[in-house]
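# Sequence and predicted structure are below.
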Amino acid sequence: MNIYVLMKRTFDTEERIQLQGNKIDEESAEFIINPYDEYAIEEAVKLKEEHDGEIVVLTVGDEESGKELRTALAMGADRAVLINAEDDYDEFDSTSIAKIIAGYLAEEEVDVILAGNVAIDGGSGSVAPAVAELLNIPYVTTAVELTIEGTTAYITRDAEGDTEKVTVQLPFLMTCQQGLNEPRYPSLPGIMKAKKKPLDELELDDIDVDDFKALTSVNNVTMPEEKAAGRILDGELNAQVDELVGILFNDKKIVG
């Protein structure tokens, strides 16, 4: 089974970040594998354990992305591919990235493509479905369970607080939601083996796609506003209710 995992290098939202113009100041940021992509990597490892085959982890980025690819190799991937777009990456949007990835995968023998449900930096969740559309293969999003029997995949997906059962044929693409599995940490033997696993670096000119033009642009990036301190109401319950209604009606203009 040929399993491809789409991975993105993202800044760690648990750490303090700073803006420099309309971009994240990379000098002050910590970078990690997008957490949802870790579910995709783990699911790929589980599929290989059950069905054998090869796991290839793929990303579009700059040379710094090689660090996260090595981590993915330590988690169990067999091979990594970096499509180096360092000179153009800031000009790309999700459509550009999807076209590049689809251009690469169109030349590969693919059975399963796994990706994170969303990236924690942008949160659009649009790249993976766009890749599937460009490759003309079925896709299922927000998956929380996967079973493959022969050439048929049985998937349970999260559906707004409920679940939905979906059946698709290989090849297919699936985005992975929290709850699908528990990603394993890279072991010391895994880290040592990762140093010897192949990491292929390609340039954009190596991908058979003519137009990477972005369809969207970012006009402005700002930090979230500081949250005001909470307010505690005192007194009897009825008095608190009256005061709360007054605040919502007069100050917040929420109740009319």
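That came through, no problem.
# How much space separates the closest residue to residue 42 other than its chain neighbours from residue 74?
Counting by Cβ to Cβ, 6 or more residues apart in numbering, residue 42 lies nearest to residue 183, which is 4.2 Å off, once chain neighbours are set aside. Backbone N, C-alpha and C define where each C-beta goes, glycine included. Separation of residue 183 from residue 74 (Cβ to Cβ, to the nearest Å): 12 Å.
# And for residue 111?
Counting by Cβ to Cβ - residue 111 and residue 74 are separated by 23 Å.
# now residue 229
44 Å.
# Next, the nearest residue to residue 212 once chain neighbours are set aside: phi, psi?
Distances taken as Cβ to Cβ, 6+ apart place residue 96 nearest to residue 212, at 4.6 Å, with adjacent residues excluded. For residue 96, the backbone dihedrals are phi -60, psi -50 (criterion: degrees, to the nearest 10).
# which stretches of the stretch 151-256 of the chain have low pLDDT?
Along the stretch 151-256 of the chain, the parts satisfying pLDDT under 70 run over 252-256.
# can you give me the strands in it?
152-159, 162-169, 172-176, 199-203 (DSSP state E, counting those that start in this stretch).
# out of these, nearest to residue 3?
strand 172-176 (10.6 Å; Cβ to Cβ).
# Would you mind putting the CA coordinates of the closest one into CSV?
The C-alpha trace of strand 172-176 is given here as CSV (Å, rounded to 0.1, in the frame of the first residue of the first chain):
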residue,chain,number,x,y,z
PHE,A,172,-8.9,8.2,-1.7
LEU,A,173,-7.9,11.1,0.5
MET,A,174,-8.9,11.5,4.1
THR,A,175,-8.4,14.3,6.6
CYS,A,176,-7.8,13.2,10.2
